[in-house]
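# All I have is the shape, not the residue letters:
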Ligand SMILES: Cc1ncc(COP(=O)(O)O)c(C=O)c1O
Ligand SMILES: N[C@@H](CCOP(=O)(O)O)C(=O)O
């Protein structure tokens with residue numbers, strides 16, 4: 001399969017180079033040139049299979065030029081062996097026709113582990129074969145960074161640099177990034193918010209001399225491999241609930257749009273998804289855009305669901321690319337306008353987007369209230385991001401089963417959960433000493449040159 005840039009000006013690549021390249025050289029994001037379709041029978045055959053087997057069947061056509069099915073199967077098995085639940089992504093019933101998809105049983109307790117553990121294996125396998133070394137950079141509002149560090153710590157062929165916004169991640173998230181003591185791991189706290197960190201990562205990719213000198217690679221959802229691994233749990237959840245014989249809806253707590261875009265791909269592959277609901281917190285730029293067509297960047301308001309405190313939502317570019325019928329020139333133009341504060345989606349593209357995505361927002365108070373009343377009604381303790389999803393999902397319930405993605409474990413955000421319920425969730429036993437471990441924090445200015453200098457020095 002070939003992958004093309006959303007902006008149409010970079011060379012098309014196979015999967016392996018797409019995975020190692022990260023951002024396309026024209027600033028766009030790689031997307032598959034065509035999407036494989038699964039037949040109803042193929043989808044029906046997934047019901048009841050182990051998660052790993054579904055992963056191989058769903059992903060194989062996307063990665064065929066890089067991994068044969070046996071190799072893919074080995075990598076997938078290794079990736080998920082350390083998960084704390086046999087089903088990997090279990091479903092829990094929340095109410096009539098409403099289910100939670102628990103995506104927090106991986107090593108860092110957030111959905112990022114599904115993709116990161118797998119691409120850790122894929123990078124290791126590929127770099128060893130090619131005899132190459134890379135410097136991975138990632139921007140994080142807390143969860144991508146910890147998942148990346150966990151997946152790549154101690155690997156010979158990789159240095160991993162994670163930029164997180166100083167003071168804007170939870171203490172658990174910060175400690176997950178700053179306590180690993182492997183010398184190839186570097187947590188960099190920058191002044192500003194997540195959008196600043198993500199902008200600096202993109203700046204580094206656009207500095208071609210630096211990029212080539214250090215062998216830059218990216219593990220944010222700019223990397224299509226991240227999105228691909230997340231497509232799998234839409235299939236396991238939907239087939240468990242009766243797909244393809246019945247339609248299923250999904251509500252996705254959303255920030256950078258990678259997770260919900262994975263659902264879009266699943267739908268395009270033939271999974272009967274009735275609704276794909278984008279749930280935002282008070283940083284509701286995506287909800288406003290999907291409602292009005294206007295994407296206007298404002299200030300990031302810190303919230304109790306900090307991993308979704310985003311204004312510049314990277315993967316929305318991929319959704320726009322599909323909505324504009326693959327017109328790279330139009331996307332390049334929109335992204336240029338985004339750089340100066342925002343853009344307006346054309347009427348035709350907006351209608352296409354609205355055909356695929358519904359949306360909603362949860363205020364801070366609604367988020368807290370949802371944590372409290374879900375506990376009272378069902379006994380489930382939600383993380384604040386999941387609570388945003390549950391609040392929005394409740395407004396979209398119909399006669400098809402609705403699945404809300406539970407994107408993180410409540411113990412990653414104990415302050416918000418305790419404030420809402422009076423209960424302080426505890427970390428699993430294997431992480432019980434997280435608060436006793438020494439931290440290594442490097443403060444860096446929000447300045448491209450300063451960040452690049454640290455990366456060059458540390459790599460050396
Ligand atoms: C816990 C949690 N929920 C939801 C999101 C939003 O996911 P996405 O950025 O894929 O939209 C994130 C961050 O990515 C997260 O860490
Ligand atoms: N919420 C994310 C932000 C980065 O998203 P990504 O999916 O593009 O890596 C985080 O926790 O870091």
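Everything's here; your move. Note that the structure is predicted; figures quoted are calculated from it, not measured. Residues are numbered from 1 along each chain as shown. Ligands and ions are numbered 1, 2, ... in the order given.
# what's the nearest residue to residue 377 if we skip its chain neighbours?
Closest residue to residue 377 apart from its sequence neighbours, by CB to CB, 6 or more residues apart in numbering: residue 95 at 7.3 Å. In this view, the C-beta of every residue, glycine as well, is placed from N, C-alpha and C.
# Summarise which helices and strands the lengthiest helix in the chain is packed against.
Longest helix of the chain, by residue count under DSSP state H: helix 112-130. Using 3 or more CB pairs under 8 Å, 6 or more residues apart in numbering; DSSP states H and E as the contact test, the elements touching helix 112-130 are helix 15-21, helix 69-80, strand 134-139, helix 143-152, strand 158-165, helix 224-240.
# which one of these is the most hemmed in?
Comparing the helices and strands packed on helix 112-130 by mean neighbour count (mean count of other CB atoms under 10 Å), helix 143-152 comes out on top with a mean of 28.
# Please see if that one touches ligand 1.
Yes: counting by CB under 6 Å from any ligand atom, contacts between helix 143-152 and ligand 1 involve residue 143.
# thinking again about what came up before, could you save the helices and strands packed on helix 112-130 as CSV and add columns showing mean pLDDT?
What follows is the helices and strands packed on helix 112-130, written out as CSV (pLDDT from 0 to 100):
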stretch, mean pLDDT
helix 15-21, 97
helix 69-80, 98
strand 134-139, 97
helix 143-152, 98
strand 158-165, 97
helix 224-240, 98
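# which one of those lies closest to residue 2?
Closest approach to residue 2 among these is made by helix 15-21 (8.9 Å; CB to CB).
# After the closest one, heading C-terminal, what element do we hit next?
The helix or strand immediately downstream of helix 15-21 is strand 30-32, counting by DSSP states H and E.
# So what are the sheet partners of that following strand and their directions?
strand 3-5 (antiparallel) (DSSP bridges).
# What parts of this structure come near ligand 1?
Residues of the chain lying close to ligand 1 by CB under 6 Å from any ligand atom are 110, 143, 221, 253-260, 307-308, 385, 407-408.
# Ligand 2 next: which of these are close?
143, 221, 255, 256, 258, 307.
# Now do the contacts for the first one.
Put plainly, it is residue 143. By CB atoms under 8 Å, 6 or more residues apart in numbering, the contact list for residue 143 reads 108, 110, 111, 112, 173, 307, 407, 408, 412.
# If we ignore the residues flanking it in sequence, what's nearest it?
Counting by CB to CB, 6+ apart, the residue nearest residue 143 is residue 110, at 4.0 Å.
# before we move on, what about the fifth one?
Here the nearest residue to residue 258 in space, its sequence neighbours aside, is residue 221; by CB to CB, 6+ apart that works out to 3.0 Å.
# go on, the last one?
Leaving aside its chain neighbours, residue 307 sits nearest to residue 141 (4.6 Å; criterion: CB to CB, 6+ apart).
# Please verify my assumption that that neighbour contacts residue 310.
Yes: counting by CB atoms under 8 Å, residue 141 does reach residue 310; the two are 6.8 Å apart.
# circling back: would you point out the most distant pair within the contacts of residue 143?
Spanning the widest gap among those are 111 and 173, at 13.7 Å by CB to CB.
# The stretch 101-250 of the chain against ligand 2: which residues are in contact?
Within the stretch 101-250 of the chain, the positions near ligand 2 by CB under 6 Å from any ligand atom are 140, 141, 142, 143, 144, 145, 220, 221.
# tell me the two of those residues that are most distant?
Spatial extent of these (CB to CB) is set by the pair 142 and 221 at 14.4 Å.
# doesn't residue 455 fall inside a helix?
Yes: under DSSP: H, G, I helix; E, B strand; the rest coil, residue 455 falls within a helix.
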